[in-house]
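Student: my questions are about this predicted structure, shown below with the sequence.
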Amino acid sequence: MEYYETLGLPKTASSEEIKKAYRKLALKYHPDRNSGDKDAEARFKDISEAYAVLSDPEKKKQYDTYGSTGFHQRYSQEDIFRNFDLNDILRQFGFGNSGFNTSSFHQQRGGQQPYGFDSFFGNQHMGGGGCNSGCGQPAKGHDMTYQLSLTLEEVFEGGEKQISLRTNGIAQNVSVKIPKGIEEGKKLRLKAKGGAAPPGGVPGDLYLKVQLEPHKLFERRGEDLIYRKKVSFSDACLGAKMEIEGLDGKRFIVNLPSGTNGEARLRIKGQGLPSGPIGDRGDLLVRVEVEIPQELTDAQSEAIQNLKKLGL
């Protein structure tokens, strides 16, 4: 689903234009004005999902950055509607206590629920199976979550990754598309690869939660990479030229200024991780650590004593 098209807006639409478009469409397709019209019901759900994303600054930013496909690989239905109170939104638009009858959409698992996402949308984001005549959706198997370990190189390159899984007691190999620069903790969704479907229903979804493997050279900080470089005391005092190799194998000559203190950071711009499939790259930060030798030769000890006499 393309959210801007769903609301009939250009991608440059302001927050106020997004709000006005949703209100207009909500008035048109609200279930109480289209009793028994399944097409209107589906349309109302679509525009509500679009508004849940585009009215939230962070979700909108992610959607604008990664597009529809990339966004839905990162956000589950639960994520999309988190902190989105449909009942409260509709009250703001004049639906609350306005005489609209929402009782036909209140039913969830045989009980009365407040008019919100869980009741109207059938609790599908939670992987619930029961979906009665009130929501018109087929029963769904439960969603499943697995850990997906990725290396920094895989995050940098993106692309396809083949993994082996066991779901519903059956081993299977699946192909997963890894978006460039994906953050740790994000989830990739494999539709209909989760729990088995109940009779007449659809399988649940499989979510792969990204876990980053430790790297022997680099540490991730958002889109930046940190590389720890040990330098001698004399180089820290006098300055030096250092060769640094980036994550992609490129080599750089970095000037270490004279008088560099321990824990100083030297920046190599644009050599970090990508901020998405088409986004700019972060920076490579070289963290300088002045190395103090544990043991000294006689000559080194004498030289240090002479430096001490000179006030160094």
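Tutor: Ah, there it is.
Student: every contact and neighbour count from this point should use C-alpha atoms.
Tutor: Will do.
Student: quick check: residue 194 is in a strand.
Tutor: No: the assignment for residue 194 by DSSP: H, G, I helix; E, B strand; the rest coil gives coil, which leaves it out of any strand.
Student: pretty sure it contacts residue 169?
Tutor: No: counting by C-alpha atoms under 8 Å, residue 194 does not reach residue 169; the two are 11.4 Å apart.
Student: the two - which one has more neighbours?
Tutor: Under the neighbour definition other C-alpha atoms under 10 Å, residue 194 and residue 169 were set side by side, and residue 194 has more, 23 against 7.
Student: which helix or strand contains residue 180?
Tutor: Assessed by DSSP states H and E, residue 180 sits outside every helix and strand.
Student: try residue 230
Tutor: strand 224-232.
Student: so what strands line up beside that strand?
Tutor: Partners of strand 224-232 in the sheet, by DSSP bridges, are strand 218-221 (antiparallel), strand 284-291 (parallel).
Student: who touches the shortest one?
Tutor: Residues outside strand 218-221 that contact it (C-alpha atoms under 8 Å, 6 or more residues apart in numbering): 225-228, 247.
Student: what's the most distant pair in those?
Tutor: By the measure C-alpha to C-alpha, 228 and 247 form the most distant pair in these, at 13.0 Å.
Student: what about residue 229, distance to residue 306?
Tutor: Distance from residue 229 to residue 306, counting by C-alpha to C-alpha, to the nearest Å: 28 Å.
Student: so between those two, which is more surrounded?
Tutor: Legend: neighbour count by other C-alpha under 10 Å for residue 229 and residue 306, higher for residue 229 (17 against 12).
Student: now do the end-to-end distance for stretch 190-198.
Tutor: 19 Å.
Student: quick one: strands adjacent to the helix or strand harbouring residue 210?
Tutor: In the assignment (DSSP H and E), residue 210 maps to strand 206-212. Using DSSP bridges, strand 206-212 pairs in its sheet with strand 144-150 (parallel), strand 187-190 (antiparallel).
Student: can you name the element that comes right after the first one?
Tutor: Using DSSP H and E, the helix or strand that directly follows strand 144-150 along the chain is helix 152-157.
Student: which strands and helices lie in contact with whatever helix or strand comes next after that next one?
Tutor: Moving toward the C-terminus from helix 152-157, the next helix or strand (DSSP H and E) is strand 159-167. Judged by 3 or more C-alpha pairs under 8 Å, 6 or more residues apart in numbering; DSSP states H and E, strand 159-167 is in contact with strand 170-178.
Student: counting by contacts, list what the strand it packs on packs against.
Tutor: For strand 170-178, the packing partners by 3+ C-alpha pairs under 8 Å, 6+ apart come out as strand 159-167.
Student: my read: residue 191 touches residue 208, true?
Tutor: No: here residue 191 does not reach residue 208: they are 11.1 Å apart, not a contact under C-alpha under 8 Å.
Student: just to revisit the earlier point, quick one: contacts of the strand holding residue 210?
Tutor: By C-alpha under 8 Å, 6+ apart, the residues outside strand 206-212 that reach it are 143-152, 183-195.
Student: switch the cut-off to 6 Å
Tutor: Residues from elsewhere that reach strand 206-212 (C-alpha atoms under 6 Å, 6 or more residues apart in numbering): 143-150, 184-190, 193-194.
Student: what's around residue 249, how many residues?
Tutor: Neighbours of residue 249 under the rule other C-alpha under 10 Å: 8.
Student: quick check, it in a strand?
Tutor: No: read with three-state DSSP, residue 249 is coil and lies in no strand.
Student: could you check the pLDDT of it?
Tutor: We have a pLDDT of 93 for residue 249.
Student: between the strands paired with strand 224-232, which gets the lowest average pLDDT?
Tutor: Ranked by mean pLDDT, the strands paired with strand 224-232 bottom out at strand 284-291, with a mean of 91.
Student: show me what counts as buried in it.
Tutor: Going by neighbour count (16 or more other C-alpha atoms under 10 Å), the buried part of strand 284-291 is 284-290.
Student: just the buried residues of stretch 263-282, please?
Tutor: For stretch 263-282, burial by neighbour count (16+ other C-alpha under 10 Å) applies to 265-266, 268, 271-277, 281-282.
Student: try stretch 61-79
Tutor: Using 16+ other C-alpha under 10 Å as the test for burial, stretch 61-79 gives 62-63, 65-66, 70-76.
Student: and if you look at stretch 28-40?
Tutor: Under the neighbour-count criterion of 16+ other C-alpha under 10 Å, stretch 28-40 has 29-32, 40 buried.
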